[in-house]
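> Just the structure for this:
(one chain, ligands or ions: 2)
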Amino acid sequence: MALKKWSFHYPVSGKMNLDAFLSTHYATLNYLLEKEEGNFAAVTKDGWELGRKAGARFFIRFSDDIKKYGKDLNGLAKVLNAAYQSLSGKKFDKVAVEEGVIVFEDYKCPICGDYVMPEEFKENGRVCIAIDGIFVEMCSLAGFNAESWETKCRAAGDECCRHELKITAKK
Ligand SMILES: [Zn+2]
Ligand SMILES: [Zn+2]
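Residues are numbered from 1 along each chain as shown. Ligands and ions are numbered 1, 2, ... in the order given. The predicted structure is shown next:
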């Protein structure tokens, strides 16, 4: 029954290579950190933007299916979780749809993995913020304007990486 397990997974995202993604991701974060002279809040914003652009490029080919399955918050929660799995190799540990917000939590997030931020960056550092940019772009492909931010990050010492996504308008 392995096929059935993947039947939702592939139509909306295909499969990505985590090692290739992380190599680029960390190289980019380090580069930005040097460029922004240690301003991790600025790096986080840049990281979000990079995720958005990468999401736009990668997911455009799946836009019909993203639109088909992501008709409402519950549908989007599944679609985004499937996309996350195709990148990270696992689904979120918790996904909750509450009062117009989708909350995603990963207690063993493979994106930050064992990356630990230097103490001085912990307050503003959000290593997995590219996921939020990707999610916003996927919502756009589904026909919604959205906001998404990483509100907790394991690399900053939190117990999980937490992404909170809100639909702000239907396009
Ligand atoms: Zn993470
Ligand atoms: Zn994180």
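> I'd like to know how far E36 sits from ligand 1.
Separation of E36 from ligand 1 (Cβ to the ion, to the nearest Å) stands at 20 Å. All C-beta atoms are positioned from the backbone trio N, CA, C, and that covers glycine.
> Quick check: that residue touching A42?
Yes. Counting by Cβ atoms under 8 Å, E36 does reach A42; the two are 4.3 Å apart.
> ok, now which ones touch G125?
For G125, the contact set (Cβ atoms under 8 Å, 6 or more residues apart in numbering) comprises F40, V43, T44, M117, C153, A155, A156.
> May I have the predicted confidence score for it?
Taken from the predicted model, the pLDDT recorded for G125 is 83.
> any idea whether it is helix, strand or coil?
Under the three-state scheme (DSSP: H, G, I helix; E, B strand; the rest coil), G125 adopts coil.
> Now it: phi and psi?
phi -80, psi 130 (degrees, to the nearest 10).
> For it, give its distance to Y31.
When Cβ to Cβ, to the nearest Å is applied, the distance between G125 and Y31 equals 15 Å.
> Could you report the neighbour count for Y115?
Other residues near Y115 number 18, with proximity taken as other Cβ atoms under 10 Å.
> isn't it right up against A155?
Yes. Using Cβ under 8 Å, Y115 is in contact with A155, at 4.8 Å.
> list residues touching both of the two?
Taking Cβ under 8 Å, 6+ apart as the criterion, Y115 and A155 both touch V127.
> Any chance you could list what contacts the helix or strand hosting A83?
When secondary structure is defined by DSSP states H and E, A83 falls within helix 73-88. Helix 73-88 is touched from outside by 8-10, 12-16, 18, 21, 59, 66, 69-70, 91-92, 95, 97, 100, 102, 104, 106, 109-111, 131, 134-135, 138-139, 142, 144, 165, 167, with contacts defined as Cβ under 8 Å, 6+ apart.
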